[in-house]
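J.: Sequence first, then the predicted structure:
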Amino acid sequence: MFESLSDRLGGIFDKLTRRGALSEKDVGEALREVRRALIEADVALEVVRSFIDKVKDKAVGHDVLKSVTPGQQVVKIVHDELVAMLGGEGDGIDLNAPAPVAVMLVGLQGSGKTTTAAKIGLRLQNREKKKVLMASLDVRRPAAQEQLKVLGEQTGVDTLPIVAGQTPVQIARRAMQAAKLSGCDVVILDTAGRTHIDEPLMAEMADIKAAASPHEILLVADSLTGQDAVNLARSFDERVGISGIVLTRLDGDGRGGAALSMRAVTGKPIKLAGVGEKIDALEDFHPQRVAGRILGMGDVVSLVEKAAETLDQEQAERIAGKMRKGTFDLEDLADQLGQMKKIGGIGGVLGMLPGVAKMKKQIDAANLDDSILTRQGAIISSMTVQERRKPEIIKASRKKRIAAGSGTRVEEVNKLLKMHRQMADMMKKLGKKGGMKGLFGGGQMSPEMMQDMAAKMPGGMGGGIPKFPGLGGMGGMGGGLPGLPKGLPGLPGKKK
């Protein structure tokens, strides 16, 4: 979402941080470039003006210009103001009210309200251990109520039975009554939308609000709609009164201005962000982490959290034990490739690592994408059980059969086998040093290993992309790519 803005800001701040001293003129020129970058990213003009004024007031002070690292001080000020623009501290859905707590979703048609309702329901049920009831109040769009029912069946979240002929207000009242009788903790009300804001829509939202007394009214907005999303947020807040915002399609290729503007314009927090089409692709919106991504600082905390949520702890412990003994086989490698896909694939992981944005051209030149993981999985699937458990028996004739069965080439099979050998050797060494416990949640890494890993981080003495053995050997997937370590030589580029 913020790729182009991140690239622009990265170039601006690189020039600043390379200078030993800064003048007021240097800061002014840099901020003019920042202003232009924010406007091109579709950030609301009033927000840009306020942002630049606040940064300039702090950045041209004596303490900054005379500091040891003035360029980095300016970057920090921009980061802090970016965090403030996005809302400061993260703010999740508030459920501190007598049950059943009503959560009302509003927004225009096509913004993703129904899917978001199911995502929130699944999230509250799985993470918060709440009993959730979902109800569709959309009687205008064909099959809207049926869509929510199907999503409820897929996620295991209860939905209100459909009764033909009822009005949205009647459905809302029935949902609240049903929730009380069945002991539900949360009721999610999926309201109807329009293609544009009109008086009947606002009147209907106000009637539903009066009938259900929702504790939270969340505006579901498509982050790709730019300035229209900002106007939408302002209109709904003025007429209905929203308590928060859910941005959908934050994984898209839009310019990101809506996300940066909506909080500043409405004063209401962005609580959740949809980051994919899958039903579990919903994340808390953390202003500090988003600001870090925009400025190329990465988001390792989110990466670790996502890994903790998606990785199978028992499976990880089992593989860790095998690695310590040096018995890491191809079945274990296949599991690791699957785990990598679960936490967002190659792109998802690289996007959260600090400093990787500066290597974007090198990574693009290497043609890395998630089809690599799929092809490697296909190669392992084409092997027999014996071959997966004893890779050393795979000779020339077997390699030809495996390549033909997986639709790949013998060279790719060789690269995969070489990668496996290197990973097995590395894991065995780590296991002997006691580092595997820290990587797999069984304890803490030693200070020496922490320092060694820090040295490999971008900006550290080693440079390049750090290795994450527990996440499929994310050692730097460029093969011979300049500037990147060769932790995974078995990852080829896209097929031409």
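T.: Great, that's in hand.
J.: where does the stretch 301-450 of the chain have low pLDDT?
T.: 301-316, 319-320, 322-326, 342-370, 430-450 (pLDDT under 70).
J.: list the helices and strands the helix or strand encompassing Leu122 packs on?
T.: Taking DSSP states H and E as the criterion, Leu122 maps to helix 113-127. On a contact count with 3 or more Cβ pairs under 8 Å, 6 or more residues apart in numbering; DSSP states H and E, helix 113-127 meets strand 101-106, strand 132-136, helix 144-155, strand 186-190, strand 244-248, strand 270-274, strand 282-284. For glycine as for every other residue, the C-beta is placed from the backbone atoms N, C-alpha and C.
J.: Figure out which of these is closest to Gly112.
T.: strand 244-248 (4.0 Å; Cβ to Cβ).
J.: then the following helix or strand past the closest one to PDB, C-alphas only?
T.: Where DSSP H and E defines the elements, the next helix or strand beyond strand 244-248 is helix 257-266. Taking C-alpha atoms only, helix 257-266 is exported to PDB below (Å, rounded to 0.1, in the frame of the first residue of the first chain):
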ATOM      1  CA  GLY A 257      -3.300   8.700   1.400                       C
ATOM      2  CA  ALA A 258      -6.700   7.600   2.800                       C
ATOM      3  CA  ALA A 259      -5.100   5.800   5.700                       C
ATOM      4  CA  LEU A 260      -2.900   8.700   6.500                       C
ATOM      5  CA  SER A 261      -5.800  11.200   6.300                       C
ATOM      6  CA  MET A 262      -8.800   9.600   7.800                       C
ATOM      7  CA  ARG A 263      -7.600   9.600  11.400                       C
ATOM      8  CA  ALA A 264      -6.400  13.200  11.200                       C
ATOM      9  CA  VAL A 265      -9.600  14.400   9.500                       C
ATOM     10  CA  THR A 266     -12.200  12.600  11.800                       C
END
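J.: Indicate which one of the helices and strands packed on helix 113-127 is closest to Ser235.
T.: strand 101-106 (10.6 Å).
J.: Now that closest one: buried residues?
T.: Val101, Ala102, Val103, Met104, Leu105, Val106 (16 or more other Cβ atoms under 10 Å).
J.: avg pLDDT for that strand?
T.: The average pLDDT within strand 101-106 is 95.
J.: Give the partner strands of it in its sheet and their orientations.
T.: strand 186-190 (parallel), strand 216-222 (parallel) (DSSP bridges).
J.: Give the other helices and strands that whichever strand or helix holds Asp53 contacts.
T.: Using DSSP H and E, Asp53 falls within helix 45-59. On a contact count with 3+ Cβ pairs under 8 Å, 6+ apart, helix 45-59 meets helix 24-40, helix 70-86, helix 257-266.
J.: contacting residues around the last one?
T.: Surrounding helix 257-266, the residues in contact under the criterion Cβ atoms under 8 Å, 6 or more residues apart in numbering are 1-2, 38, 41-44, 46-47, 50-51, 82, 85-87, 221, 223-227, 229-230, 233-234, 237, 242, 245, 247, 250, 268-270, 287, 290.
J.: shouldn't Leu295 be in contact with Leu82?
T.: Yes - taking contacts as Cβ atoms under 8 Å, Leu295 lies within contact range of Leu82: 7.2 Å.
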